[in-house]
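*Asks:* Structure for this input, please:
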Amino acid sequence: MRTTSALPVYDVAAIRADFPALDQRVHGRPLVYLDNAATAQKPRAVIEAVGQYYEHDNSNVHRGVHALSERATAAFEAARETVRAFVNAPSVREIVFTRNATESVNLVARAWGDASVGPGDEVLITTLEHHSNIVPWQLLCERRGARLRVAPIDDRGDVILDEFERLLTPRTKIAAFAHVSNALGTVNPVADLVARARRAGAAVLVDGSQAACHLAVDVQALGADFYVFTGHKLYGPTGVGVLHGREAALDRMPPFLGGGDMIRTVAFEGSTWNDLPYKFEAGTPHMAGAIGLGAAIDYVRAIGFEAIGAQERALLARATEALAAEPGVRLIGTAKEKASVLSFVVDGIHPHDIGTVVDREGVAIRTGHHCAQPVMERFGVPATARASFGLYNTMDEVDALVAAVRRARALLG
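*Replies:* Numbering: from 1, shown residues only. You can find the predicted model right below:
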């Protein structure tokens with residue numbers, strides 16, 4: 001298997017060769033995959049790690065004394081350590097495997113929220129949020145008689161910091177916000193937002209789904225109580241996510257789901273709970289997913305976020321400049337700090353029609369509200385077309401995107 005750690009420069013051709021899905025034609029044209037914010041393609045290292053588990057080590061973890069179970073358990077827990085190091089958590093006890101970031105948010109909203117939020121309390125989010133970081137808090141507020149507050153964003157797509165701070169009150173129990181917006185690419189000043197919330201006495205959850213694949217994450221430096229992300233956007237398998245939680249917070253929280261592996265003892269009179277992190281991992285986990293996620297993290301770290309960031313910033317700058325120069329094209333979200341997401345609309349053409357024509361040119365982008373309907377409402381559009389870049393995208397692919405949008409304008413404008 002090819003490795004990239006020894007490459008003296010950013011060799012995008014060598015990196016692309018690690019991703020078999022990119023080597024195909026769509027509608028007779030080479031695939032240009034620019035839908036990475038929805039899900040990223042998988043390198044052979046991940047595919048092989050998952051295959052190795054199913055071909056040789058397939059067994060349940062933590063429950064067997066036979067060789068396969070011991071190998072599976074070792075690989076599963078090694079993946080947990082890989083995640084811990086990736087986000088610089090103090091202990092593996094703070095790393096909980098879930099199905100995805102959505103489940104991680106719901107876990108906190110249920111296990112922490114139901115125990116900590118009551119009538120008259122408040123939960124603060126921002127207009128930038130993905131539905132997965134809105135709906136669980138709405139449900140919590142409905143259950144507990146609390147109030148959901150929303151910090152606004154400006155015309156560029158940045159959170160208005162003064163308004164965020166104004167909405168923090170002694171009633172604010174938790175603030176929850178994205179590290180990077182999936183709809184606009186805005187990179188929030190997370191450490192600043194966390195510090196403001198903590199000064200107000202609020203707990204903090206950060207949705208890192210769009211950040212962990214583009215930026216180095218240090219949960220100790222950020223200072224949030226909870227940080228969540230998902231595997232499939234980080235070049236790993238679907239069906240696996242991560243909740244990082246401060247050990248003290250996780251210790252105080254009741255279980256989220258009940259069943260096998262989260263228990264210490266069970267009797268009809270009552271049960272007791274397993275140690276962290278297993279208290280929150282009921283039932284058979286996604287062993288292959290966790291192992292694949294560990295392989296994905298190893299792959300990304302071998303390239304390095306400094307190199308990845310430089311490549312992705314160059315791609316975003318080129319695409320931004322080129323599309324902004326196209327007649328009738330309006331960029332949605334122009335924050336000073338952005339990461340790999342470019343949303344736009346074209347005068348007189350619905351984004352879905354743009355996406356259809358662009359697809360015929362072999363270019364895969366996302367169209368719609370991107371599970372961020374409040375963002376669309378803020379900018380007065382029903383939907384946008386969204387190109388999102390990953391570590392394997394090239395300048396030629398940016399040019400192909402611009403040419404495809406130009407073709408859509410010619411056909412539909």
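*Asks:* For residue 222, see how far away residue 211 is.
*Replies:* Going from residue 211 to residue 222 by Cβ to Cβ, to the nearest Å gives 10 Å. The way it works is simple: take the backbone N, C-alpha and C, and place the C-beta from them, glycine included.
*Asks:* which residues touch residue 315?
*Replies:* Residue 315 sits next to 340, 389, 393, 394, 395, 398 when contact means Cβ atoms under 8 Å, 6 or more residues apart in numbering.
*Asks:* Residue 211 and residue 222: which has the busier surroundings?
*Replies:* Between residue 211 and residue 222, residue 211 has the larger neighbour count (other Cβ atoms under 10 Å), namely 24 against 21.
*Asks:* Just give the nearest non-adjacent residue to that one, would you?
*Replies:* Distances taken as Cβ to Cβ, 6 or more residues apart in numbering place residue 179 nearest to residue 211, at 3.6 Å, with adjacent residues excluded.
*Asks:* related to what we said a few turns ago, I'd like the contacts of residue 315 written out as JSON lines, with pLDDT added.
*Replies:* Below are the contacts of residue 315 laid out as JSON lines (pLDDT from 0 to 100):
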{"residue": "340", "pLDDT": "96"}
{"residue": "389", "pLDDT": "98"}
{"residue": "393", "pLDDT": "98"}
{"residue": "394", "pLDDT": "98"}
{"residue": "395", "pLDDT": "98"}
{"residue": "398", "pLDDT": "98"}
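*Asks:* Put the buried members of those into a PyMOL selection.
*Replies:* To isolate the buried members of these in PyMOL, using 16 or more other Cβ atoms under 10 Å:
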select buried, resi 340+389+393+394+398
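*Asks:* Looking at the contacts of residue 315, which one is closest to residue 17?
*Replies:* For these, the residue nearest residue 17 by Cβ to Cβ is residue 394; the value is 12.6 Å.
*Asks:* Over to the closest one: give its phi and psi.
*Replies:* Backbone torsions for residue 394, taken as degrees, to the nearest 10, come to phi -130, psi 170.
*Asks:* wait, what's in contact with the nearest residue to it once chain neighbours are set aside?
*Replies:* In this structure, residue 394 finds its nearest non-sequential neighbour in residue 12, 5.5 Å apart by Cβ to Cβ, 6+ apart. Contact analysis of residue 12 by Cβ under 8 Å, 6+ apart lists 311, 392, 393, 394.
*Asks:* Filter those residues down to the ones in strands?
*Replies:* Counting by DSSP state E, no part of those is found in strands.
*Asks:* Now render the residues you listed as CSV, adding distance to residue 106.
*Replies:* Listed next are those as CSV, based on distance: Cβ to Cβ, whole Å:
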residue, distance to residue 106
311, 34
392, 32
393, 32
394, 37
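*Asks:* nearest to residue 371, of those?
*Replies:* For those, the nearest to residue 371 is residue 393 (22.3 Å; Cβ to Cβ).
*Asks:* Looks like that closest one contacts residue 35 (just checking).
*Replies:* No. In this structure, residue 393 is not within contact of residue 35 by Cβ atoms under 8 Å, at 10.8 Å.
*Asks:* remind me which residues of the chain are low pLDDT?
*Replies:* The model of the chain has pLDDT under 70 over residues 1-8.
*Asks:* domains in it, as residue ranges please.
*Replies:* 48-301, 304-412 (automatic domain parsing).
*Asks:* These: which one's closest to residue 28?
*Replies:* domain 304-412 (7.7 Å).
*Asks:* Give me the distance between the closest one and the centre of its chain.
*Replies:* Averaging C-alpha positions (Cα atoms, centre = their mean, to the nearest Å) puts domain 304-412 19 Å from its chain's average.
*Asks:* again with stretch 145-164
*Replies:* Its chain's average C-alpha position is 21 Å from that of stretch 145-164, according to Cα atoms, centre = their mean.
*Asks:* same check, this time on stretch 219-227
*Replies:* Its chain's average C-alpha position is 15 Å from that of stretch 219-227, according to Cα atoms, centre = their mean.
*Asks:* With adjacent residues omitted, what lies nearest to residue 375?
*Replies:* With sequence-adjacent residues excluded and distances taken as Cβ to Cβ, 6+ apart, residue 375 is closest to residue 183, at 4.6 Å.
*Asks:* ok, that neighbour touching residue 128?
*Replies:* Yes. Judged on Cβ under 8 Å, residue 183 makes contact with residue 128 at a distance of 7.4 Å.
*Asks:* Give me the common contacts of these two.
*Replies:* Shared contacts of residue 183 and residue 128 (Cβ under 8 Å, 6+ apart): 372, 375.
*Asks:* need the contact list for residue 411.
*Replies:* Shown in contact with residue 411 (Cβ under 8 Å, 6+ apart): residue 357.
*Asks:* tell me the SS of it?
*Replies:* Of the three states, residue 411 takes helix under DSSP: H, G, I helix; E, B strand; the rest coil.
*Asks:* quick one on the thing from earlier: so can I have TSV of the domains of the chain showing distance to residue 25?
*Replies:* Formatted as TSV, the domains of the chain follow (distance: least, Cβ to Cβ, whole Å):
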stretch	distance to residue 25
domain 48-301	22
domain 304-412	7
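*Asks:* For residue 16, which of these is the nearest?
*Replies:* Each of the domains of the chain has some distance to residue 16 by Cβ to Cβ; the shortest is domain 304-412, at 4.8 Å.
*Asks:* May I have the distance across the closest one, first residue to last?
*Replies:* Across domain 304-412, the terminal residues are separated by 42 Å (Cα to Cα, to the nearest Å).
*Asks:* Quick check: the residue lying farthest from the centre of the chain vs residue 393, distance?
*Replies:* Largest separation from the mean C-alpha position in the chain: residue 269, at 40.7 Å (Cα atoms, centre = their mean). Applying Cβ to Cβ, the value for residue 269 to residue 393 is 58 Å.
*Asks:* for residue 152, same thing?
*Replies:* On the measure of Cβ to Cβ, residue 152 and residue 393 end up 32 Å apart.
*Asks:* ditto for residue 71
*Replies:* The spacing between residue 71 and residue 393, counted by Cβ to Cβ, is 36 Å.
*Asks:* Same check on residue 340?
*Replies:* Plainly put, residue 340 is 9 Å away from residue 393 if you go by Cβ to Cβ.
*Asks:* list residues touching both of the two?
*Replies:* 36, 312, 315.
*Asks:* Among the residues you listed, which ones are in helices?
*Replies:* Using DSSP state H, the subset of these located in helices is 312, 315.
*Asks:* what would the shared contacts of residue 340 and residue 393 look like in a markdown table with distance to residue 160?
*Replies:* Shown next, in a markdown table, are the shared contacts of residue 340 and residue 393 (distance: Cβ to Cβ, whole Å):
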| residue | distance to residue 160 |
| --- | --- |
| 36 | 28 |
| 312 | 26 |
| 315 | 28 |
